[in-house]
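Asks: Sharing a model prediction with you, sequence too.
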Amino acid sequence: IEILKAQGDKSAPMHRSVWKDFIAWLSSWSNYCSVPHPEAVALLEPKLSFQKQAARGKGLKSRIPPEKPGCSRLVYAVKKEDLPPEWQQHLIDFEKFCYVLSPEEENKLYREGGRKQKKKGMRDISFLDIIKYLLQYLGWSIRYAINPDTGQPYKLIELTPELLYDIEVLQAYIAWHINVRHNGNSNARHICNVAIKVAQWRLQQPVGIHREDAHPTIQPLMKLRSEYNPNEGHRPRTSVTAIEQRMLEHAECEQVVAHLRTKALFFERQFRDGNEKREVMEDHWMDYLIIALLTYGGMRIREIREMALNAKRLYFNQLDGCYWCDLLPAEHKTSGDRHYPLFPGPLQEQLTSDFTHYFNWVRPELPHSYVFFQRPKTYRGKPVNRLSQIVKRIMFNTSCELFGEEQGKGMNPHDFRRSLATWFVHYGRTDDVTIFAQLCGHSPDMLLKLYAQVRSREQTKQAPAAFNRTAAREQALKQSGTNQDVRVTLKRFI
């Protein structure tokens, strides 16, 4: 174990905490001995099956399936088709309350001014995520929550929607997720969000209001949610210093794209020669194209996640020789339709050719038309999600390979927009900044305000030249006799 600890200290910072958890897990074994050469080691007990552990009735841990901590299998969730008729009707009423919209209905609502309405519709993919957490909550309740009337675990027919936002049951459920399932604060916040949504539905309360104005039953739920986000409003997420710690310059992002392309082509040759699995080749091609889209297009994470090969949305323009993406108002953050080419820049021809090759040969046959898909074996082939974590992992690992472990930076998808905007502001002309602002779906002023990370020092160090230009212009105006009244100008600064 001491050798493993020393080796872990040399690992990359991103993996060091995982390594420490592994060492702590090894040390917690009952047969672990700190003596280098123990005389005898106790034999491990034979591993019992889940059914035998449950039959022995050893408490809560005996009823947990024998799986690795933190694994993604949701064996405790209730299947939707197994719900009784009462809960089937509850889900229908809950869907009406959430005002779930199909993409077509969402586009129609936004075109009719739906953004200004107080009650916005919920996207269907967001509602499915809520239902997933709700089914997990119900599954945990019938296994581990105790009915105070009977002293036994709840039966499915005994569960009511009110139980889902009971503060004591909710705290026990979150504690189980953190202590047993080894999930983090993000999962706890999602659970609280589902409980708040259910409470708003049962109490018929409006959504989007502050905690002080919320129903007395909902206020403790909002307070519990804030406890699992203690740094909210205090972390400098968008300050120049915080962003520089994790952001690469645009030229460095281009090096990352070139390196990922080399790896994708290498693993494709390995697959053709029979030395590598097809899944490995597909993953490296997706890494390469996702980072290329972010580097050269400044796209938002939602636009990449929902990108699908469609004659009306994503298509190849024969005249321009590149792919074009058309988005309706409901399919992006800002108002109005958006139309932009993919991979603008000097490498557009190469990247367009690689994009076509990915569609024609690398991407497998899938039941959907989304460009990218999930990678885990259990969910492989489904539309991609958790794209932010994927991008951070790709960028950290690749930047470590290129620039060294000390320079490894896990950029998130939105940092690419900042990096590209900063590059345009520093080296581009005014017309170039305007074009890039349209590409990102912003006005030039908003682009400079949100994304251009230019330090005050970089601007104020140009003050001597600015003073000289102003003094020269003053002399020129006085000599020409067109000097204006200074007092009129000063009124703007008073």
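Replies: Here it is on my side, so go on.

Asks: For the rest of this, base every contact and every neighbour count on C-alpha atoms.
Replies: OK.

Asks: Look up how far residue 87 lies from the closest residue in space to residue 84 that isn't next to it in sequence.
Replies: What sits nearest to residue 84 in space, not counting adjacent residues and going by C-alpha to C-alpha, 6 or more residues apart in numbering, is residue 157, at 6.8 Å. According to C-alpha to C-alpha, to the nearest Å, residue 157 stands 9 Å off from residue 87.

Asks: repeat for residue 142
Replies: Applying C-alpha to C-alpha to residue 142 and residue 87 gives a distance of 14 Å.

Asks: With residue 319 instead?
Replies: On the measure of C-alpha to C-alpha, residue 319 and residue 87 end up 55 Å apart.

Asks: The two: which is more packed in?
Replies: residue 87 (17 against 6; other C-alpha atoms under 10 Å).

Asks: Just the pLDDT for the more buried one.
Replies: pLDDT for residue 87: 89.

Asks: just the one 5 residues further on next, same as before
Replies: Residue 92 carries a pLDDT score of 86 in this model.

Asks: Just give me the neighbour total for it.
Replies: With other C-alpha under 10 Å as criterion, residue 92 counts 10.

Asks: The helix or strand hosting it packs against which elements?
Replies: In the assignment (DSSP states H and E), residue 92 maps to helix 85-98. Other elements packing on helix 85-98 under the criterion 3 or more C-alpha pairs under 8 Å, 6 or more residues apart in numbering; DSSP states H and E are helix 185-203.

Asks: tell me which residues in the helix or strand following the helix it packs on are buried?
Replies: Proceeding C-terminally, helix 185-203 gives way to helix 219-227 as the next helix or strand, assigned by DSSP H and E. Neighbour counts over helix 219-227 (16 or more other C-alpha atoms under 10 Å) mark 219-222, 224-225 as buried.

Asks: Need those in TSV (columns: distance to residue 360 and pLDDT).
Replies: Formatted as TSV, those follow (distance: C-alpha to C-alpha, whole Å; pLDDT from 0 to 100):
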residue	distance to residue 360	pLDDT
219	53	87
220	53	89
221	49	89
222	48	87
224	49	88
225	46	87
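
Asks: got TSV for those residues, with distance to residue 193 too?
Replies: TSV is the format used below for the buried residues of helix 219-227 (distance: C-alpha to C-alpha, whole Å):
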residue	distance to residue 193
219	12
220	12
221	8
222	8
224	10
225	8
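
Asks: how much space between residue 264 and residue 286?
Replies: Residue 264 is 9 Å from residue 286, by C-alpha to C-alpha.

Asks: got it, and residue 382?
Replies: 14 Å.

Asks: Ramachandran coordinates for residue 317?
Replies: Per-residue torsions, residue 317: phi -90, psi 110 (degrees, to the nearest 10).

Asks: Sorry, slip of the keys, the one I care about is residue 370.
Replies: As for residue 370, its main-chain torsions (degrees, to the nearest 10) stand at phi -70, psi 140.

Asks: List the contacts of it.
Replies: 305-309, 383 (C-alpha atoms under 8 Å, 6 or more residues apart in numbering).
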